[in-house]
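*Asks:* just coords:
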């Protein structure tokens, strides 16, 4: 049996001054970061056709995110904020573990 659950759409993001341009930086920054990482990997290990294909997908993703950040800004959610919370939680857990071990 196939069970489908329809989720309620996310509410529109709150708009504030400067949000559009910060969203553009966030939208383009992450694909650029991954492209830079791929370029560094190509310098170490030959990647064949995977490198150019990955780069082409990153360009498409960057354009899609840029479109959403500029023209559909009420639907853009910051990647840095989402993953920054995850990284901060992991750093906090590591700090607590370090304190509990007495190091």
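*Replies:* Now that the structure is in, tell me what you want to look at. Since the model is a prediction, treat every value here as computed from it, not as a measurement. Numbering: from 1, shown residues only.
*Asks:* so for the spatially most central residue of the chain, what's the nearest residue that isn't a sequence neighbour?
*Replies:* Nearest to the mean C-alpha position of the chain, by CA atoms, centre = their mean, lies residue 79 at 4.0 Å. Counting by CB to CB, 6 or more residues apart in numbering, the nearest residue to residue 79 once its immediate chain neighbours are dropped is residue 30, at 5.3 Å. No exception for glycine: its C-beta is placed from N, CA and C like everyone else's.
*Asks:* pull out the buried positions in the lengthiest helix in the chain.
*Replies:* The residue-count maximum for a helix in the chain (DSSP state H) belongs to helix 19-44. Going by neighbour count (16 or more other CB atoms under 10 Å), the buried part of helix 19-44 is 19, 23, 24, 26, 27, 30, 31, 34, 38, 42.
*Asks:* got a list of what the residue nearest to residue 79 touches?
*Replies:* 65, 79, 80 (CB atoms under 8 Å, 6 or more residues apart in numbering).
*Asks:* out of the residues you listed, the closest to residue 49 would be?
*Replies:* Set against residue 49, the nearest of the contacts of residue 30 by CB to CB is residue 65 (24.4 Å).
*Asks:* hey, which helix or strand in this structure has the poorest pLDDT?
*Replies:* Here the helix or strand of the chain ranked lowest by mean pLDDT, DSSP states H and E is helix 19-44, holding a mean of 90.
*Asks:* how far is the longest helix of the chain from where the chain is centred?
*Replies:* In terms of CA atoms, centre = their mean, to the nearest Å, the centre of helix 19-44 is found 9 Å from the chain centre.
*Asks:* do stretch 4-16 as well
*Replies:* 18 Å.
*Asks:* now the end-to-end length of that stretch.
*Replies:* 36 Å (CA to CA, to the nearest Å).
*Asks:* what's the first helix or strand after the longest helix of the chain?
*Replies:* Where DSSP states H and E defines the elements, the next helix or strand beyond helix 19-44 is helix 50-71.
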